[in-house]
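1. here is my input, please return the structure:
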Amino acid sequence: MSPALKPLRGVRILSLALNLPGPAALMRCQHMGATCTKAEPPSGDPMGLYNKSAYATLHTGVKVLTADLKTEAGQKALHKALAKTDVLLTSFRPSAMVKLGLTWKALHKQYPMLSMVCIVGAPGARAEEPGHDLTYLADNGLVTGFDLPPTLYADMGGSLMASEAVLQATVARLTKGKGVNLEVALSDAAAYLAQPRNWGLTLPTGAVGGAHAGYRVYPCKDGRVAVAALEPHFAAALCAAAGVKSSADRLAMFNPATHQTIAAWLLKQTRKSLDKLAVDKDIPLHTLSK
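-> This is a model prediction of the structure:
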C-alpha cells in the first residue's frame, strides 16, 4: 500500500484473536498503517504450531506479547496494554469474554474511547455454537461433493470484514467521540461469498457456472485452460479462433454445439499456443498444468 494511503496510521490495535481470521485481519490493519500488538497465551497461537510459515507471514510487523488472561498477572498486563489501545480485536465466544471480564459494558466503562471488534462464528444468539470455516461454508451451500474447498473462504472473508470493521470503528470514534462495539461473524462472511451462487450465477445453469461456453475450464493438449471470454467481444474472438459460426448470437454461447466445438479445438492446442493466442487476440484465458 502506498505510504500516502495508510488510513490506520496512528491507530493502536491490540489483538487477542488466535488461529487465522484475527491474525489475518491484524495483518491487513498493519498494512494500512496501524500499530499492532497481539497478546498470546503461554501455549502460543495454534497457527504457530501447525504452520510456522503462515504464522510468520501473518505476524510480520506485529509486536507479540505473552499473557495468561486467566491469571492476575495476565490481567494486569492486559489492562496496561488496553490503556494505550484504540481498538481491541477478539475471537473468543461471548461466554469466554464474560469469564475474562472483557464484556463490552465493563470495557466501555473503564475505557470510553476504546472500540472493540469481536470475531465470532455465527451472529447473535448463535455465537456460542462451535464451528469452523468448513461448517460455515457447508451451511451456505459452498461445499459440494466430498472435496474440501481449495482455500479457507469464510476465515479470509471474515478477516476482510474484521479489518473493515476496524476502519468503521476508527471513523465512528472520530465522529462520535467514543468507542464502539462491532461484531463480525464468519458465517456472515460465508453467506456474503455465497450470494452469486444464491443468485444462480455460479450454478451449472448460470453464465459463470458452466452454461456459457466462454466461461469454463477445458482440457488442452498438454494441460488445462481456464477461459473467461464472457463479454461479447471476448466471446467473438474465442469463437473466431475456434471456428464457431454465428458467434454474434449471444444465445450461441449457451448452445451445446458451441461447447463441443470449442472443447474439441482447445484439446488440440498446447498451453504455449494458447498463451500466445491470449496476447495476440486479447482473449482472457489462463493455462494450467494437468
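2. CA atoms for contacts and neighbours, from now on please.
-> Will do.
3. so who does residue 69 touch?
-> Residue 69 is in contact with 41, 75, 78, 100, counting by C-alpha atoms under 8 Å, 6 or more residues apart in numbering.
4. measure it to residue 48 for me?
-> Here residue 69 is placed at a distance of 19 Å from residue 48 (C-alpha to C-alpha, to the nearest Å).
5. looking at it, residue 206 is touching residue 213, isn't it?
-> No - using C-alpha atoms under 8 Å as the test, residue 206 is too far from residue 213 to be in contact (11.0 Å).
6. more crowded one of the two?
-> It is residue 213, of residue 206 and residue 213, that has more neighbours when counted by other C-alpha atoms under 10 Å, with 29 against 16.
7. quick one: the more buried one is in a helix?
-> No - the assignment for residue 213, made by DSSP: H, G, I helix; E, B strand; the rest coil, is coil rather than a helix.
8. what's the closest non-adjacent residue to residue 263?
-> Distance criterion C-alpha to C-alpha, 6 or more residues apart in numbering; nearest residue to residue 263, sequence neighbours excluded, is residue 218 at 6.4 Å.
9. for the helix or strand hosting that neighbour, the averaged confidence score.
-> Using DSSP states H and E, residue 218 falls within strand 215-220. Across strand 215-220, pLDDT averages out at 98.
10. buried subset of the contacts of residue 69?
-> Buried members of the contacts of residue 69, counted by 16 or more other C-alpha atoms under 10 Å: 75, 78.
11. identify the farthest-apart pair in the contacts of residue 69.
-> Largest separation among the contacts of residue 69 by C-alpha to C-alpha: 41 and 100, giving 13.0 Å.
12. do a quick rundown of the strands in the protein.
-> 12-15, 35-40, 63-66, 87-90, 115-120, 181-185, 215-220, 223-228, 285-288 (DSSP state E).
13. by contact count, what packs against the fifth one?
-> Identification of packing neighbours for strand 115-120 by 3 or more C-alpha pairs under 8 Å, 6 or more residues apart in numbering; DSSP states H and E yields strand 87-90, helix 153-176, strand 181-185.
14. and the ones you listed: which comes nearest residue 269?
-> Counting by C-alpha to C-alpha, residue 269 lies closest to helix 153-176 out of these; the figure is 33.2 Å.
15. between that closest one and strand 181-185, how big is the angle?
-> Using axes from the mean of the first three to the mean of the last three C-alpha atoms, to 10 degrees, the inter-axis angle of helix 153-176 relative to strand 181-185 is 170 degrees.
16. so which residues make contact with helix 153-176?
-> Outside of helix 153-176, the residues within contact range by C-alpha under 8 Å, 6+ apart are 7-8, 11, 20-26, 28-29, 87, 113, 115-117, 119, 133-134, 136-137, 178-182, 184-190, 193.
17. let's see the ChimeraX selection covering just the buried ones among these.
-> Restricted to buried positions by 16+ other C-alpha under 10 Å, the ChimeraX selection for the contacts of helix 153-176 reads:
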select :7,8,11,20,21,22,23,24,25,26,28,29,87,113,115,116,117,119,133,134,136,137,178,179,180,181,182,184,185,186,187,188,189,190,193
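18. mind giving me the domain split of this protein?
-> Domains of the chain are assigned by automatic domain parsing as 12-197, 207-288.
19. centre of the chain to the first one, how far?
-> Using C-alpha atoms, centre = their mean, to the nearest Å, the mean C-alpha position of domain 12-197 is found 13 Å from that of the whole chain.
20. picking that back up, sitting in helices, which of the contacts of residue 69 do you find?
-> 75, 78 (DSSP state H).
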